[in-house]
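Chemist: I'd like to go over a predicted model; first the sequence, then the structure.
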Amino acid sequence: MVVIPKNSISIPHQTFIKIYYHPGLMLKVHNTLGRKKEEFVPVEEGKVKMYVCGMTVYSDAHIGHARTYVAFDIIRRYLQHKGYEVTYVQNITDVDDKIIRMANEKGIDPLRYSAMYTERCLSDMEKLGVGNADVYPKASQHIGDIIALVEKIIENGYGYVADGDVYFSVEKFNDYGKLSGQKTEEMKVGARIEPGEKKHSPLDFALWKKAKPGEPYWDSPWGNGRPGWHIECSTMSSKYLGLPFDIHGGGHDLIFPHHENEIAQTEAATGKTFANYWLHSGMLKVNGEKMSKSLGNMINISDALKRWDSGLLRFFFISYHYRSPADFTTENMDMAHKGLERIKRLKEELENAAGNNDREVNRKSLNEREKEYHNSILNFKKKFEDVMDDDFNTPEAIALLFEFTKFSNKYLMECKPNKELCRYALDTLLELGGVLTLFQAESTNMKNAIEPLVILIKKYGGTATGKNLDELMENIMDIRQNARKERDWKKADGIRDGLAELGFEIQDEGDETKWRMK
């Protein structure tokens, strides 16, 4: 189990007053279980317990994983924005058929192999700017809990032992299929028992698997073996969140059989409702095709980050509703880049206009044009919450950001900016943008730019005396300014191009040069 401090999410500094939980601000979510939008009412007032199926760590995390975990990061952030205290659990499947196969091919102990990829996958998520879960329980560390749950299933008459394997009897659970909408009678058509399997029905699934040569195993009442995939999530979610908990999430591909099986085995063992709301993210395609190794179009997060900024990747994902399919193309990334740049430039303009002012707006002192802009800020906040309360509608939230950007730019161009008003607008932009994971690219990507900057400084004959990004940028800017003064345009342009490759944009304004990350 990996426990992460609850305050580990990086959210920009804000000076606004926190909005506390209020039952009148009604959130609606699309519940896969009922196939409709429902009012969200947590088990415990003011608190939300959320479990999201984590990665099976047999290879590096890819952009399909990124799409899912960005979506649930935003769901968690918005719940916190509304004042809920959120406990977010995301498991790590470190015992699995794929892990064992890949580890054996490489001649590595399976648990050591999965530990290596656990570290790599979580590191990629951190680089992407996805907030940490509160707990990352590992299947291998909960074997005793898993065995206890399997024993309860057998005791209640829903499981049976077959030569060291333990299976769940699907047809004994009357509600099987309630999540996916599938019926057992239809599923049985064409289903078959594979050679070597000793289950009673082709629909039955493994709770515990008898050990085979070359596999990790643990002692159990049924002999040496290891857990099935589905029982791992049932065990860890109920252990850390209790039953029932509020939200169970994951990718759309997990609805059947994984989540269907989780419901069946958990409710068969406990007699309690498992989770009240089931949320599923849509499929991510690449150039219109399903992402798969056989098509050669798998894109790992680490590779994507070499080409695109983490903030841009997150912005692309939230430009789609979390339940909708998304298409990852260069054209769509370019469109996302243009949209994100508009919002970033507004942030910079508001920062310049607000200066160091931190006084609150006195509405009575505002003129009519300023009151109009003040009203637009208030309206933006209200509409933002309205669309996010409608099943976390991030595309509509982005549309509101663009609308607010347009209105703000008009105000800044036509009027002498009121510092207090601009500070309020900026705080609002940071607050609501932070919910959408905006404005944190600096904190996640700037660290990665330090070493390349040192190399660039040395390449052009300078000394890297800076200890952080700002100081290093001051070093390289000084070198470039001297080159410009000496009319060494080749050197000045070379530095500019080198910075552009690292993700920086520089703008010359007379003798002054400004820079920012793209």
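Modeler: Good, I have the coordinates. Residues are numbered from 1 along each chain as shown.
Chemist: show me what the top helix by length along the chain packs onto, helices and strands only.
Modeler: Counting residues, the longest helix found in the chain (DSSP state H) is helix 330-354. Helices and strands touching helix 330-354, by 3 or more CB pairs under 8 Å, 6 or more residues apart in numbering; DSSP states H and E, are helix 310-318, helix 394-414, helix 419-435. Quick note: C-beta positions are derived from backbone N, CA and C, even for glycine.
Chemist: next up, the contacts around A71.
Modeler: Contact partners of A71, counting by CB atoms under 8 Å, 6 or more residues apart in numbering, are 281, 317-318, 322, 392.
Chemist: same check on H259?
Modeler: Counting by CB under 8 Å, 6+ apart, the residues that H259 touches are 53, 179-180, 248, 250, 278.
Chemist: quick check: bridge partners of V48?
Modeler: V86 (DSSP bridges).
Chemist: my guess is it meets V86, correct?
Modeler: Yes: the criterion here is CB atoms under 8 Å, and V48 meets it with V86 at 4.7 Å.
Chemist: report the contact partners of W218.
Modeler: Shown in contact with W218 (CB under 8 Å, 6+ apart): 143, 147, 224-226.
Chemist: now it: how far from K210?
Modeler: According to CB to CB, to the nearest Å, W218 and K210 sit 12 Å apart.
Chemist: CA atoms of stretch 480-491 as PDB?
Modeler: C-alpha atoms of stretch 480-491 as PDB (Å, rounded to 0.1, in the frame of the first residue of the first chain):
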ATOM      1  CA  ARG A 480      21.200  36.600 -25.800                       C
ATOM      2  CA  GLN A 481      20.900  40.300 -25.000                       C
ATOM      3  CA  ASN A 482      24.600  40.700 -25.200                       C
ATOM      4  CA  ALA A 483      24.500  38.900 -28.600                       C
ATOM      5  CA  ARG A 484      21.800  41.300 -29.800                       C
ATOM      6  CA  LYS A 485      23.800  44.300 -28.700                       C
ATOM      7  CA  GLU A 486      26.800  43.000 -30.600                       C
ATOM      8  CA  ARG A 487      24.600  42.300 -33.600                       C
ATOM      9  CA  ASP A 488      25.400  38.600 -33.500                       C
ATOM     10  CA  TRP A 489      22.100  37.600 -34.900                       C
ATOM     11  CA  LYS A 490      23.100  34.100 -35.600                       C
ATOM     12  CA  LYS A 491      23.800  33.500 -31.900                       C
END
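Chemist: format the contacts of A71 as a markdown table; extra columns: neighbour count, pLDDT and distance to L111.
Modeler: What follows is the contacts of A71, written out as a markdown table (neighbours: other CB atoms under 10 Å; pLDDT from 0 to 100; distance: CB to CB, whole Å):
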| residue | neighbour count | pLDDT | distance to L111 |
| --- | --- | --- | --- |
| S281 | 28 | 98 | 29 |
| F317 | 26 | 98 | 32 |
| I318 | 23 | 97 | 36 |
| Y322 | 25 | 98 | 33 |
| F392 | 26 | 98 | 36 |
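Chemist: may I ask which two of the residues you listed are separated the most?
Modeler: F317 and F392 (12.4 Å; CB to CB).
Chemist: list the contacts of M125.
Modeler: Contacts of M125 (CB under 8 Å, 6+ apart): 61, 65-66, 69, 301.
Chemist: related to what we said a few turns ago, just the helices and strands packed on helix 330-354: most buried one?
Modeler: helix 310-318 (a mean of 24; mean count of other CB atoms under 10 Å).
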